[in-house]
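Q: predicted model follows, preceded by the sequence.
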Amino acid sequence: MKYADPAVAAFIVIPLLLVAALTWGTAVAWRRSGATRGTSTRAAIVCGAAALIWMSITWAAAESGILRNWDQTPPPFAFLVLAIVGLAAAIAWSPLGLRLARFIPLWILVAVQAFRLPLELAMHEIYERGIMPEQMSYSGLNFDIVTGATAIIVSAIVRSGRGGRRLVATWNVLGLLLLINIVTIAILATPRFRYFGDAALNTWVMDAPFVWLPAVMVLAALAGHLLIFRALQLQKTDQT
């Protein structure tokens, strides 16, 4: 695997940028909540370190080959999926999530989801090389590129003051549905279900660095949508 290859490097660079964004957001949110600079820095370091530990664990799991064990019931990959959903919910509804939702501007929360645009371009390149099945690309059944592209537009509109809660809520629901769509397709294409046939199996995300697609990028996308819903709810509560 040539990590210097741009299509492959995207699965390393984008996750690291997302961790950097989370670390920065934690520091800013803590500071804006009234915490001291030292406390804010410590919170950011702990958050960033926890994210890097999670990335290391999932990378090691992929390197060990354990995620390719589909004879076990339930398969190890199922635990990864459950962990992703659980961590996303935990992040969004934790004290960290509360601070991010309250103190990070809504347009920034939306803008972060723009990472899905370059991700989908990289995924399409991986598909064209025969590594990823077609149904997981925008040539097939994956339309998540729409979320990434529109995140740029919606965040710009909101930042300019011309868009409000209704626009963000509508966009967020659409983005979440598109995320659920591709995750469902990816699960159905695993060796346990083989919904699209043996020639279109989703096994590539069980190897490094592609494991960071579900372990980091899907996690970030899901947590991001939940955070936006929480931010919208907080804004509604503050206005009443």
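A: Here it is on my side, so go on.

Q: how many residues are close by Gly175?
A: For Gly175, the neighbour count with other C-beta atoms under 10 Å is 24. Any C-beta I mention is one placed from the backbone N, CA and C, and that applies to glycine too.

Q: correct me if wrong: it contacts Gln113.
A: Yes. Assessed by C-beta atoms under 8 Å, Gly175 is found in contact with Gln113 at 6.3 Å.

Q: got any residues that touch both of these two?
A: Thr147, Ala151, Ala221, His225 (C-beta atoms under 8 Å, 6 or more residues apart in numbering).

Q: which residues outside whatever helix or strand the last one lives in are in contact with it?
A: With secondary structure defined by DSSP states H and E, His225 is part of helix 219-239. When contacts are defined by C-beta under 8 Å, 6+ apart, helix 219-239 is touched by residues 15, 18, 22, 84-85, 87-89, 91-93, 97-98, 100-102, 104, 106, 109-110, 112-113, 115-116, 147, 165, 168-169, 172, 175-176, 179.

Q: now, of these, which are buried?
A: Using 16 or more other C-beta atoms under 10 Å as the burial test, these include 15, 18, 22, 84, 87-88, 91-92, 97-98, 100-101, 104, 106, 109-110, 112-113, 115-116, 147, 168, 172, 175-176, 179 as buried.

Q: contact partners for Arg192?
A: Trp70, Pro75.

Q: quickly note the distance from it to Pro209.
A: To Pro209, Arg192 is 23 Å away according to C-beta to C-beta, to the nearest Å.

Q: ok, now Asn202?
A: Counting by C-beta to C-beta - Asn202 and Pro209 are separated by 16 Å.

Q: tell me which of the two has more neighbours.
A: Taking other C-beta under 10 Å, Asn202 and Pro209 do not tie; Asn202 has more neighbours (22 against 19).

Q: quick check, the more buried one in contact with Thr184.
A: No. With contact defined as C-beta under 8 Å, Asn202 does not count as touching Thr184 (11.3 Å).

Q: okay, now the unreliable bits of this structure?
A: Applying pLDDT under 70 to the chain picks out residues 1, 240.

Q: ranges for the helices of it?
A: Ranges of helices in the chain, per DSSP state H, are 6-32, 37-64, 76-93, 95-103, 106-112, 116-128, 145-159, 165-188, 212, 219-239.

Q: okay, the shared contacts of Gly175 and Gln113 in TSV with distance to Ala62 next?
A: Formatted as TSV, the shared contacts of Gly175 and Gln113 follow (distance: C-beta to C-beta, whole Å):
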residue	distance to Ala62
Thr147	25
Ala151	28
Ala221	19
His225	25
